[in-house]
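**Q** take a look and give me a structure for this.
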Amino acid sequence: MLYAIRNEEGRIVSLSETVQPNAEPVDIKNREVLEFLSINDEEFSAEEFLEQSDTSVARILEDLIDVLIGKNLLMFTDLPAPAQKKLLSRKLARNMNKQGDGNEEESSTSHSFLIEDDEIL
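**A** From the prediction side, this is the model:
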C-alpha cells in the first residue's frame, strides 16, 4: 500500500510506503499516482518500464560508484575484476560521447575513477 500527501490544490506531492501524517492510502495503479510518477500511459506495463529504465539506472549506479570512490568510501580495486573492466569500458565510452557532444569541459572537471598516470592514488 502507498500513502499520498497532497498539496492545497489536491495534487499528489509525495508518496511513501509508510503511513505519514496527513497522508491517505492510494493504489499504485491510481491514475494520479501514475501521473505523479510520470507514467501517463493507460497501457502502462511495469515490465516494459523496467526494461526501458535499465540504462538510466545503470548510469546512476556508475555515477554513484564515482562519488563513493571520490569520497574514498570505496576503492575501485575492491570491485571484482570483471566489474572494473566493465566500468572502465563504459566510462571511456561515456567520456568519448561527452566529447562528441561538445561537453569536453564537463568531462575534464568531473570526478572519475580514471586517473592520469602522474596522479597519486
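**Q** got the buried residues for the helix or strand hosting Ser14?
**A** Secondary structure assignment for Ser14, by DSSP states H and E: strand 12-16. Going by neighbour count (16 or more other C-beta atoms under 10 Å), the buried part of strand 12-16 is 12, 15. C-beta here means a position set from N, CA and C on the backbone, and glycine is covered the same way.
**Q** by contact count, what packs against that strand?
**A** Applying 3 or more C-beta pairs under 8 Å, 6 or more residues apart in numbering; DSSP states H and E, one finds that strand 12-16 makes contact with strand 2-6, helix 31-36.
**Q** got the angle between that strand and strand 2-6?
**A** Interaxial angle, strand 12-16 versus strand 2-6 (axes from the mean of the first three to the mean of the last three C-alpha atoms, to 10 degrees): 150 degrees.
**Q** what comes into contact with strand 12-16?
**A** The contact list for strand 12-16, computed with C-beta atoms under 8 Å, 6 or more residues apart in numbering, reads 2-7, 20, 23, 26, 32-33, 35-37.
**Q** count of neighbours near the closest residue to Val19 other than its chain neighbours?
**A** Here the nearest residue to Val19 in space, its sequence neighbours aside, is Tyr3; by C-beta to C-beta, 6 or more residues apart in numbering that works out to 5.7 Å. Residues near Tyr3, counting by other C-beta atoms under 10 Å, number 17.
**Q** my guess is Tyr3 contacts Asp27. True?
**A** No. Look at Tyr3 against Asp27 with C-beta atoms under 8 Å: they stay out of range, at 11.1 Å.
**Q** thinking Ile65 is in contact with Lys71, fair?
**A** No. Between Ile65 and Lys71 there is no contact under C-beta under 8 Å: 11.1 Å.
**Q** Glu51 in helix, strand or coil?
**A** helix (DSSP: H, G, I helix; E, B strand; the rest coil).
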